[in-house]
Structure formats: C-alpha cells, structure tokens
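Undergrad: A structural model of the following input is requested.
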Amino acid sequence: QEYLAESGGGLVQAGASLRLSCVVSGRTFSSYVMGWFRQAPGKEREFVAAINWNGSSTRYADSVKGRFTISRDNTRSTVYLQMNSLKPEDTADYYCAAVARSIYSDWADGRLYDHWGRGTQVTVSS
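TA: Residues are numbered from 1 along each chain as shown. Here you go, the predicted structure:
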C-alpha cells in the first residue's frame, strides 16, 4: 500500500508562488506516473499536471500551462508542483496521485489513478 502526503499549501495573494510537495511511501515510487489534481469548492475535480517515471515527459492542463511546473525526485520519492503567477481561480484543494501503468493520453483521467493523498489547500486572494 502506498501512502501519499502533500504539503506546501497556504494562503497567498494573486501573483505569488507556491511549491507543493508530495512524498510517497513504498518502494515503487520510480515506477509511477504521478499526477496533480485539484478540486475547488462546489466544482468537479480537475487535472492539473502529470509526469512520467523519470521526468522526461509532462502534461499540463491548459489553465496552468506556462505558470505551473511539475517535477520529481525519485531519490526522495517526491513529486513537486511549482505554481507561479497564482490567480484566485487557482484556489482549490490540491491532490497528488499515482498510477502504476498509464499512457500519456490517459494521464488526465483521475479515475485511472491507484493511490491518492489527502490534499493540501491553496487559497489565492485577489
């Protein structure tokens, strides 16, 4: 059983930056595709970004392209989400997730992920 723990959320003003981290327990972190999703109050969960096992391939939602960067450190079993130029519409609970096998075209589908963290809250004030 894998356990995922997010951290790094907080309350910031528009235009600020935050870096989220997600530490994964277990021995197979390097084999997972890792994703970040978010859910705003009253809205459906949505895909934010994903990264393949060695970081050579990434995918982003259009709403965060150019502002957010996903990365990973397999030596630390950690995936990061660097969020720059934050906007009030980025306010949400952010979740990391892991999937053992997934093709690029499926990375945005949260239903396919096997393991989820409990989330970290990000609030961006205007």
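Undergrad: use CA for all of it now, contacts and neighbours both
TA: Noted.
Undergrad: what pairs with H115 across the strands?
TA: Taking DSSP bridges as the rule, H115 bridges to A98.
Undergrad: what's near enough to touch it?
TA: Residues counted as contacts of H115 (Cα atoms under 8 Å, 6 or more residues apart in numbering) are 2-4, 97-99.
Undergrad: could you pull out the helices for this structure?
TA: Along the chain, counting by DSSP state H, no stretch forms helices.
Undergrad: So for the protein, the centremost residue is which one?
TA: The centroid of the chain falls nearest to W36 when counting by Cα atoms, centre = their mean (2.1 Å).
Undergrad: can you map out the strands along the chain?
TA: Assigned by DSSP state E, the chain shows strands spanning 4-7, 10-13, 18-24, 33-39, 46-51, 58-60, 68-73, 78-83, 92-99, 115-116, 120-125.
Undergrad: what packs against the last one?
TA: Pointing back at strand 120-125 there. When contacts are defined as 3 or more Cα pairs under 8 Å, 6 or more residues apart in numbering; DSSP states H and E, strand 120-125 packs onto strand 10-13, strand 92-99.
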